[in-house]
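Student: heads up, no residue letters with this:
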């Protein structure tokens, strides 16, 4: 009897492992340790900040792939054959932030949509595009940006709440 129960539990564990491996493979993400995540935990991660560039952000994940940090942005509600330009710009900014905060440029960034993962190679060209976009935004809006909402709940949930001089209390 005990042997039968033990074999049944072993079979169940094996099935769970196969299911987990298939689920992980379907995610389109590499098998790599997550070193940072901003996906709704009770203790939110601090934003990555490049003060010299006036850039800050919170990628969904940072993964260590072959010793290099790779930013991952997840858009689970999107299902498109090609990535949106705005999503690529956001991912490119995260690549710049990784480079600025670690001193090592990521080789690429990953953008995960509902059923597909896109890889964006990162290099000097992408970095220069982000810097040009930042300059364009500063020219259009100046160095200061006002809060873009009047929702106290949204404000308190913001990763920049503690540093914001326009935070709603």
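Tutor: All right, it came through fine. All values reported here derive from a predicted model rather than from experimental measurement.
Student: tell me how far residue 96 lies from residue 151.
Tutor: Counting by Cβ to Cβ, to the nearest Å, the gap from residue 96 to residue 151 is 29 Å. To be clear about C-beta, it is placed using only N, CA and C from the backbone, and glycine gets the same treatment.
Student: of these two, give the one with the bigger neighbour count.
Tutor: Applying other Cβ atoms under 10 Å to residue 96 and residue 151 shows that residue 96 carries more neighbours, namely 26 against 11.
Student: now stretch 124-143: average pLDDT?
Tutor: The pLDDT scores in stretch 124-143 average 87.
Student: for the protein, which spans come out with low pLDDT?
Tutor: Residue ranges of the chain with pLDDT under 70: 20-29, 33, 39-44, 142-148, 159-163.
Student: could you list the domains of it?
Tutor: Per automatic domain parsing, the domain ranges recorded for the chain read 1-30, 32-156.
Student: nearest to residue 164, of the ones you listed?
Tutor: Evaluated over these, closeness to residue 164 peaks at domain 32-156, with 7.2 Å, by Cβ to Cβ.
Student: okay, how far is it across the closest one, tip to tip?
Tutor: 32 Å (Cα to Cα, to the nearest Å).
Student: how far does it sit from its chain's centre?
Tutor: Taking Cα atoms, centre = their mean, to the nearest Å, the mean C-alpha location of domain 32-156 is offset from the chain mean by 6 Å.
Student: when you give positions from now on, start the count at 23
Tutor: Fine by me, first position is 23 from now on; the one you just mentioned is domain 54-178.
Student: and residue 97, how close does it get to residue 106?
Tutor: For residue 97 relative to residue 106 (Cβ to Cβ), the value is 8 Å.
Student: residue 32 too?
Tutor: Remark: distance between residue 32 and residue 106 (Cβ to Cβ) = 46 Å.
Student: when these two are compared, which one has more neighbours?
Tutor: residue 106 (14 against 10).
Student: which strand or helix spans the nearest residue to that one once chain neighbours are set aside?
Tutor: Distances taken as Cβ to Cβ, 6 or more residues apart in numbering place residue 100 nearest to residue 106, at 7.3 Å, with adjacent residues excluded. Assessed by DSSP states H and E, residue 100 sits outside every helix and strand.
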